[in-house]
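[1] here's a sequence, model it:
(chains A, B and C)
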Amino acid sequence: MILIQVILSGISAGFVYGLITIGLSLIWGIMDMVNFAHASFMMLSMYFAYIAWENFSLDPMISLYLIIIIMFLIGNFVYRVVIKRTIGGEVVTQILCTFGLVVFLENMAQFLWSANYQMIRDPLVSGNIALGEVYLQKPQVVAAIACLLTAGLIWAFIHKTKLGWALQATAQNKQAAPLIGINVDKMFSLAWGIGLASVGVAGVFLANYYYIFPQVGQTFQLLALVSVALGGFGSIPGALIAGLMIGVIEALSGFFIAPAYKYVVVFSIYIFVVLVRPQGLFGTHH
Amino acid sequence: MSKKAIFVWVIFLSMLLIFPFLIEAPYIMHIAIMIFFYTTLGASWNILSGYAGQLNLGQSVFLGVGGYTTAILLVRFGINPWIGMIAGVIAAVSLSWMIGFPCFRLQGRYFAIATMAIVQIVYLVIGRWQFAGGARGLSYPLVGWGLKNFAFREKFPYYYIAMVFMLIAICLTYYIEKSHLGYYFKTIREDKDVASAMGINVLKYKMIAITFSSFLSSICGTFYGQYLLFIDPDTMFLLSVPIMLVTMIGGFGFLLGPLIGAAVLIPTQEVARIFWSGSGRAIDQLIYGSLIVIIVVLQPRGLMGIYDSLRNNIIKLLK
Amino acid sequence: MSDKEDFKMSLLEVKNVTKKFGGLTAVNSVSLSVNEGQIVGLIGPNGAGKTTLFNCIAGLFCPNSGEIFFNNFKINGKQPHEICEKGLVRTFQIVKILNKLTVLDNVIVGAFLRSKNVKSAKKKAEKIIDFCSLSHVKHAKGSELTVGIKKRVEVARALATDPKLILFDEVMAGLNPKEGKEAVRLIYKIRELGITILMVEHVMEIIMPISDKIVVLELGKKIMEGSSEEVSKNEKVINAYLGVKS
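    Predicted structure coming up:
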């Protein structure tokens, strides 16, 4: 019974990881760039939710919609002001740039809101759900469902709309895309917008039950990177499944070995996967 | 080296040698020691990531392994720290080979991520390892003072040791610059297909780079432990960012980059801390982060890069 | 001498090399041999598999089957740097020189293969730069050069490795007629040094007159081998190129 509980909690965490992975994989696939600051932006959205709750008494479920818009705009802004300048340069520069953003965001958060661990108390979504003998926490379940829904929305956008199709085209061939009338710069900006908006969704739902502090993004980031390596990229279902796998592995490792070692297992898996099967479990060779 | 350059270095070295006799304030000595320390660390990162282009986002792992090996040998087995330093080098270099051999065939960004994962793994494992002090770390026993024990009451012996380490790092980097290693590293960095086509065994040279890199970081780890007479995971494994920052501000891939970066950053950090960190709001950290982004975006080659561009432009103008 | 050649293994011996990518057979059981001192041309319409064959010889790809011998060493399956060490060097179809380094430094990198001493490598590089008529751009950075000069730098760099055989991958592409003539002159000069040349080319007016032997590929298979005269008159070859102006 406890085992089922553990697995289920791993799955619900996995959906959150999956959504984070999707955003990361989107930017990576379309721009050929790793956003090391992805989860740090999620941290930002968590703080937004917290501020809305603390200062304006807005429940995260209400502030969610405004935060999504804000995160989308921040994505565009960051792309235009910072990221754009590193395109076409060395890979090292790009990596260091988003890495620098991590340091900047974490320290800005610490400066503005202190290093204290914050939590939203008694949000709208709270309490437990009982499934027979198994107890699930509502915030986790809601977060999982929300992330799954968002993943589905993104998938629909990418595969069923004209803009989404243009994004795919850009991802496949950045040089040829302008030849068929695609404004690559706008596509990159859109990718960053969607990427950050989606990670914002994850963040707001996480804020219902997770501690909020400046470095909260770090672990999620590494987990997402592992997840991209597992799920390959360019595949939304793949990213989701990879996220789920990571969630379950993390939960099981924590249960069977020791909570402190669960990340050791996950990161070791990254190393293993990346050495043995560089294209991930589902992805195409990059 | 030109006569002028030799002259400048001699003057510079003399000044460094005399410095402790002129200034005795321990706090200023501490800043100087930290400058030397970060220059050495920056140089170690510079060799692997700057010259050879293999971006290591977890450089601190070599610092930590070197430091912890020495610490454990001293605290648990009573082994002399100088011997511990050699053991630390062996441990760190071995780790670097274990990382490099499988991971160097990865694409740059996957290698970078792997280095992040590795430092996390080591950090987490050591944090739980009670024999190594766990999360609380280890306090060094007072075996005795003096060079033999690598522990001093005053600051100036540490100053000279750190200076020697820094000089080793600079000389090593200089040797690389001037020898075929430098050319090979730069070739590998820019295009490894070209490197292979020129008969360069890319893996071999990457391994050479990471060997130098881990060696220098490791001796710094030993030094740091002996300087603080204390070691814990946070102190040893979380320094990757300042190491990178120091090199990037000064000049990524340049001989003097780490030195200039450290000379600029460390005093600035101290000043910022004195004036602004009272509130615990870490504005100095904020400046750190902003600096990385600004530098990378505007002038990835750092201060040396600015100097280099200026010099080239002036030469062009004069032609 | 000519009787002996039949029994002596040629400098480069490609035996029934096949290379597949998934379902596509890019090179289909191709054999060819290049004797020391020859200039051999490899031609064929687009998609014939010329560059893939080159990449197999140079070690970038491992053939699915077949063998490649260079100077009596088996080189299929070896890594590019090992093959270069043995004396077989290649240039790239899309010119790859190091843009951040000067021309001199580019060539020095090649020279280091035989001697790790900086002074002697530099001397050797300067001699080769002279030989290739690149002295005027010796200190220019790679990024500042035109395509024609870049290609010559690549050749100089290849020469610095003291090769026995050079693989030229479309070294003429993108050159204007004047540059083309200079390139041909350089190729003859290289041959005079005793270096063997195997070149892929599309520009017929250039490759036909200078080659001792032409090998023609079409769709991964060798369809003809012979002198330029024989090849230019061969019906199969003409059909392969039908519609493609040479």
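
[2] tell me which residues in the helix-or-strand element of chain A with minimal mean pLDDT are buried?
    Ranking every helix and strand in chain A by mean pLDDT, DSSP states H and E puts strand A:128-131 at the bottom, with a mean of 79. Residues of strand A:128-131 include none that count as buried (16 or more other CB atoms under 10 Å in any protein chain shown). C-betas here are computed from N, CA, C, even on glycine.

[3] now tell me what touches that strand from outside.
    Residues outside strand A:128-131 that contact it (CB atoms under 8 Å, 6 or more residues apart in numbering or on different chains): A:135, A:136, A:137, A:138, A:141.

[4] restricting to C-alpha, output that strand in PDB.
    This file holds the C-alpha atoms of strand A:128-131, laid out as PDB (Å, rounded to 0.1, in the frame of the first residue of the first chain):
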ATOM      1  CA  ASN A 128      -6.400  15.200   1.000                       C
ATOM      2  CA  ILE A 129      -8.200  12.900  -1.400                       C
ATOM      3  CA  ALA A 130      -8.800   9.300  -0.300                       C
ATOM      4  CA  LEU A 131      -8.700   6.500  -2.800                       C
END
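
[5] give me the helices and strands touching the next helix or strand after it, please.
    Next helix or strand after strand A:128-131 toward the C-terminus (DSSP states H and E): strand A:134-137. Identification of packing neighbours for strand A:134-137 by 3 or more CB pairs under 8 Å, 6 or more residues apart in numbering or on different chains; DSSP states H and E yields helix A:2-31, strand A:128-131.

[6] for residue C:150, find the nearest of these.
    helix A:2-31 (28.4 Å; CB to CB).

[7] list the buried residues for whatever helix or strand comes next after that closest one?
    Of the helices and strands lying after helix A:2-31 in sequence (DSSP H and E), the nearest is helix A:38-56. For helix A:38-56, a neighbour-count test (16+ other CB under 10 Å) marks A:38-53 as buried.

[8] state the mean pLDDT of stretch A:62-69.
    For stretch A:62-69, mean pLDDT is 93.

[9] which outside residues touch that stretch?
    A:45, A:48, A:49, A:52, A:53, A:56, A:197, A:200, A:201, A:203, A:204, A:205.

[10] try it again at 10 Å.
    A:44-53, A:56, A:58, A:60, A:70, A:74, A:124, A:146, A:150, A:193, A:196-198, A:200-201, A:203-205, A:207 (CB atoms under 10 Å, 6 or more residues apart in numbering or on different chains).

[11] chain B: which of the buried residues of helix A:38-56 is nearest?
    residue A:40 (10.1 Å; CB to the nearest CB).

[12] how about the helix or strand containing residue B:204: buried residues?
    In this structure, residue B:204 sits in helix B:202-228 according to DSSP H and E. Neighbour counts over helix B:202-228 (16+ other CB under 10 Å) mark B:202-203, B:205-227 as buried.

[13] over to stretch A:100-113?
    A:100-111, A:113.

[14] same question for stretch A:140-158.
    Buried residues in stretch A:140-158 (16+ other CB under 10 Å): A:140-144, A:146-148, A:150-151, A:154-155, A:158.

[15] residue contacts, residue B:132?
    B:68, B:69, B:71, B:72, B:75, B:76, B:125, B:126, B:138, B:231, B:232, B:233.

[16] just those residues: which are in helices?
    Using DSSP state H, the members of the contacts of residue B:132 that fall in helices are B:68, B:69, B:71, B:72, B:75, B:76, B:125, B:126, B:233.

[17] is the last one in contact with residue B:63, as I believe?
    No. Using CB atoms under 10 Å, residue B:233 is not in contact with residue B:63, being 11.5 Å away.

[18] higher neighbour count, these two?
    residue B:63 (33 against 23; other CB atoms under 10 Å in any protein chain shown).

[19] confirm for me that that one is in contact with residue B:215.
    No. Residue B:63 sits out of contact with residue B:215 when judged by CB under 10 Å, with a separation of 11.5 Å.

[20] who touches both of the two?
    B:44, B:88, B:92.

[21] who does the stretch of helix or strand the second one belongs to touch, helix- and strand-wise?
    Following DSSP H and E, the helix or strand that holds residue B:88 is helix B:81-103. Taking 3 or more CB pairs under 10 Å, 6 or more residues apart in numbering or on different chains; DSSP states H and E as the contact definition, the neighbouring helices and strands of helix B:81-103 are helix A:262-276, helix B:60-77, helix B:108-128, helix B:202-228.

[22] could you give me the buried positions within that helix?
    Quick answer for helix B:81-103 (16+ other CB under 10 Å): B:81, B:84-89, B:91-93, B:95-96, B:99-100, B:103.

[23] next, count neighbours for the closest residue to residue A:140 other than its chain neighbours.
    In space, and not counting its chain neighbours, residue A:140 is closest to residue A:12: 4.4 Å by CB to CB, 6 or more residues apart in numbering or on different chains. Neighbours of residue A:12 under the rule other CB under 10 Å: 23.

[24] dump the residue contacts of residue A:12.
    Residue A:12 neighbours (CB under 10 Å, 6+ apart): A:136-137, A:139-145, A:147-148, A:244, A:247, A:251.

[25] chain C: which of the residues you listed is nearest?
    Of all the contacts of residue A:12, chain C sits closest to residue A:244, with 29.9 Å by CB to the nearest CB.

[26] what residue in the stretch 1-150 of chain A comes nearest to chain C?
    For the stretch 1-150 of chain A, CB to the nearest CB, closest residue to chain C: residue A:90, 9.7 Å.

[27] how about stretch A:249-256 as PDB, C-alpha atoms only?
    The C-alpha trace of stretch A:249-256 is given here as PDB (Å, rounded to 0.1, in the frame of the first residue of the first chain):
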ATOM      1  CA  ILE A 249      12.400   6.900 -10.000                       C
ATOM      2  CA  GLU A 250      12.900   9.800  -7.600                       C
ATOM      3  CA  ALA A 251      10.100   8.600  -5.400                       C
ATOM      4  CA  LEU A 252      11.200   5.000  -5.400                       C
ATOM      5  CA  SER A 253      14.800   5.900  -4.700                       C
ATOM      6  CA  GLY A 254      13.800   8.000  -1.800                       C
ATOM      7  CA  PHE A 255      11.700   5.200  -0.400                       C
ATOM      8  CA  PHE A 256      14.000   2.300  -0.900                       C
END
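
[28] ok, and the closest non-adjacent residue to the residue nearest in space to the middle of chain B?
    Centroid check for chain B by CA atoms, centre = their mean gives residue B:41 as the closest residue, at 0.8 Å. Sequence neighbours aside, residue B:243 is the residue nearest to residue B:41 in space, at 4.7 Å (criterion: CB to CB, 6+ apart).

[29] hang on, isn't that neighbour packed against residue B:45?
    Yes. In this structure, residue B:243 is within contact of residue B:45 by CB under 10 Å, at 5.1 Å.

[30] which residues are common contacts for those two?
    By CB under 10 Å, 6+ apart, the residues touching both residue B:243 and residue B:45 are B:56, B:59, B:60, B:217, B:258.

[31] fine, thanks again, bye for now.
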